[in-house]
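Novice: fold the following for me, if possible:
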Amino acid sequence: MKYAAITLGISMLFGGILVFGGARTEALAGVAVPQATPKAAVVSDRALELTDAQYDGSEIKKSDEDWKKELTPTEYNIMRQEGTEQPYTGSLTNNHQKGKYYCAACGLVVFKSATKFESGTGWPSFYEPIYKKNVIEHEDRSLASEVRIKVECARCHAHLGHVFDDGPQPTGLRYCLNSASLRFKAEK
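Specialist: Residues are numbered from 1 along each chain as shown. Take a look at the predicted model:
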């Protein structure tokens, strides 16, 4: 919540309106401003067959209607419409258990806990995929101010997040992902 405090301070300085975590609050000097409580994205409880193998080239294609039936509204928005969770609200951001992360839409393994690191961004971050073949990267020009690289599951083309070149070694990459796009399975 350190970013909320900074934003709140700036907003109070200028007497503006603060929007944080979807909650609009007035930020006027001398007026107490309630903090938005982070909420984990609702994750579907459907059974999902998890696949630990490297992607074999067989794609999963479904209609939008089929995806809407299988995914929660949050999952559908993020994975099929390229939405993004609010920072620090995802259920896997602070997950420190050993295990593997899978695409929440089709169950293909995409990342492992050994490559997860604390980026301070508010999203689960990894420095490399478990198998490079299991993710696809595309140029994303949806923001007018910058070109980003979006990351998708290779098998079902679910939007997972974005990759940036400000990560730790050995790769120097930061795969910044949405918790709602992932399922975690702990090692036994």
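
Novice: gap between residue 64 and residue 142?
Specialist: 19 Å (CB to CB, to the nearest Å). Glycine gets a C-beta too; all of them are placed from N, C-alpha and C.

Novice: same check, this time on residue 63
Specialist: 23 Å.

Novice: please apply the same query to residue 89.
Specialist: 21 Å.

Novice: just residue 175 next, same as before
Specialist: The gap separating residue 175 from residue 142 is 18 Å, by CB to CB.

Novice: which of these two has more neighbours?
Specialist: residue 175 (27 against 9; other CB atoms under 10 Å).

Novice: excluding sequence neighbours, find me the nearest residue to the more buried one.
Specialist: residue 126 (4.4 Å; CB to CB, 6 or more residues apart in numbering).

Novice: who's the one you found bridged to?
Specialist: residue 116, residue 175 (DSSP bridges).

Novice: right, and it touches residue 111 too?
Specialist: Yes: counting by CB atoms under 8 Å, residue 126 does reach residue 111; the two are 4.6 Å apart.

Novice: mind jotting down where the strands sit in the protein?
Specialist: Along the chain, counting by DSSP state E, strands occupy 17-20, 23-26, 99-103, 109-112, 116-117, 125-126, 135-140, 148-153, 159-164, 174-177, 182-186.

Novice: tell me which of the ones you listed lies nearest to residue 46.
Specialist: Smallest distance to residue 46 across those (CB to CB): 10.2 Å, for strand 182-186.

Novice: adjacent strands (with direction) for that closest one?
Specialist: strand 99-103 (antiparallel).

Novice: okay, now residue 79: neighbour count?
Specialist: Residue 79 has 26 neighbours, counted by other CB under 10 Å.
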